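Peer 1: test case, fold it:
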Amino acid sequence: QEAEFADNLEKELRILKPDLIIGSRFRPDDYGKRGTDSNGDLMGDYEQGWERDLPNSKEELYGNDWDCVMTIPENQWGYHKDWTLSYVKTPFEAIQRIAHATSMGGNLVINFGPKPEGDFRQEELEMADIVGKWMKKNGECIYGCDYAGLAKQDWGYYTRSKDGTIYMIVFNIPYSGNLVVKMPKGTRIEKAILLEKGRKVDIVETSRDEYNVCMPVKDPGEPFVIKLQIEENVDVEDKYWDALT
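Peer 2: Residues are numbered from 1 along each chain as shown. You can find the predicted model right below:
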């Protein structure tokens, strides 16, 4: 009954609004299975199975559009008077998850549970303020950006804009002070710029298709973004020897 009702409702909604986007949790199949049906096919237009979890590779996504829903307390939806029952994420952890989702070509939905009076608790308002201020300075690396196609590095995440600009979103500063970037063959980094300040950052080629992008002179004290201007399909002189044995 539930599956038949939801199936008919979806058909009616699509007639009323053909460009409607429907998630995979909208309806179950005839056996009560959600997300993907009993044949393994996605139900809906995008995958909603990433609850409080994020993919680490494109292979895990099977080519689907997707989003992740994330709570601020680790295990609490809605309003809870006591937040000490589980771990509560910091604003920078929320930003990290936004960057992670964007780097995998997805969307992050952060859950705020309204209080009985309809407003939000002070901690949530403070988080929204910090995340909003960071996005105001660095949103260029998130809005309209997607998977960059570069090998993941421990310092953080890559995103790529529609015009091909690569962004490095740095959360973990290495002791060396060098941010390793591995580029595809025939791709060269022309310039690196600290997004917020517009200052040039030094680049050092270290080996074949690999660079060190140097840390800013002054630690920004929060996650920061370096904008890479790259040139693709170039003839790069190969000055490195292969092993002879």
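Peer 1: and the longest helix for this structure?
Peer 2: Ranked by residue count, the top helix of the chain under DSSP state H comes out as helix 122-138.
Peer 1: quick one: that one to chain centroid distance?
Peer 2: Averaging C-alpha positions (Cα atoms, centre = their mean, to the nearest Å) puts helix 122-138 17 Å from its chain's average.
Peer 1: quick one: average confidence on it?
Peer 2: Helix 122-138 shows a mean pLDDT of 95.
Peer 1: send me it as PDB with only the CA atoms.
Peer 2: This file holds the C-alpha atoms of helix 122-138, laid out as PDB (Å, rounded to 0.1, in the frame of the first residue of the first chain):
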ATOM      1  CA  GLN A 122      22.800  29.700  20.900                       C
ATOM      2  CA  GLU A 123      25.500  27.100  19.900                       C
ATOM      3  CA  GLU A 124      23.800  26.600  16.500                       C
ATOM      4  CA  LEU A 125      23.600  30.300  15.900                       C
ATOM      5  CA  GLU A 126      27.300  30.700  16.800                       C
ATOM      6  CA  MET A 127      28.200  27.900  14.400                       C
ATOM      7  CA  ALA A 128      26.100  29.400  11.600                       C
ATOM      8  CA  ASP A 129      27.800  32.700  12.100                       C
ATOM      9  CA  ILE A 130      31.300  31.200  11.900                       C
ATOM     10  CA  VAL A 131      30.500  29.000   8.900                       C
ATOM     11  CA  GLY A 132      28.800  32.000   7.200                       C
ATOM     12  CA  LYS A 133      31.800  34.300   7.700                       C
ATOM     13  CA  TRP A 134      34.200  31.700   6.400                       C
ATOM     14  CA  MET A 135      32.000  31.100   3.300                       C
ATOM     15  CA  LYS A 136      31.800  34.800   2.700                       C
ATOM     16  CA  LYS A 137      35.600  34.900   2.400                       C
ATOM     17  CA  ASN A 138      36.100  31.500   0.700                       C
END
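Peer 1: so, low pLDDT: which residues of the chain?
Peer 2: 1, 236-237, 240, 245 (pLDDT under 70).
Peer 1: strands along that one, start to end?
Peer 2: 47-51, 66-71, 107-111, 156-160, 166-170, 178-182, 188-194, 199-201, 203-207, 210-214, 224-231 (DSSP state E).
Peer 1: and those as CSV, adding mean neighbour count and distance to residue 90?
Peer 2: To be clear about C-beta, it is placed using only N, CA and C from the backbone, and glycine gets the same treatment. Shown next, in CSV, are the strands of the chain (neighbours: other Cβ atoms under 10 Å; distance: least, Cβ to Cβ, whole Å):
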stretch, mean neighbour count, distance to residue 90
strand 47-51, 19, 20
strand 66-71, 20, 13
strand 107-111, 15, 13
strand 156-160, 23, 16
strand 166-170, 24, 16
strand 178-182, 19, 23
strand 188-194, 16, 23
strand 199-201, 14, 26
strand 203-207, 13, 31
strand 210-214, 17, 26
strand 224-231, 20, 17
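Peer 1: how about TSV for those strands, with distance to residue 85 added?
Peer 2: Shown next, in TSV, are the strands of the chain (distance: least, Cβ to Cβ, whole Å):
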stretch	distance to residue 85
strand 47-51	18
strand 66-71	12
strand 107-111	16
strand 156-160	30
strand 166-170	31
strand 178-182	38
strand 188-194	40
strand 199-201	43
strand 203-207	47
strand 210-214	41
strand 224-231	33
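Peer 1: closest to residue 139 out of those?
Peer 2: strand 224-231 (9.6 Å; Cβ to Cβ).
Peer 1: name the helices or strands packed onto that closest one?
Peer 2: Secondary-structure packing of strand 224-231 (3 or more Cβ pairs under 8 Å, 6 or more residues apart in numbering; DSSP states H and E): strand 166-170, strand 188-194.
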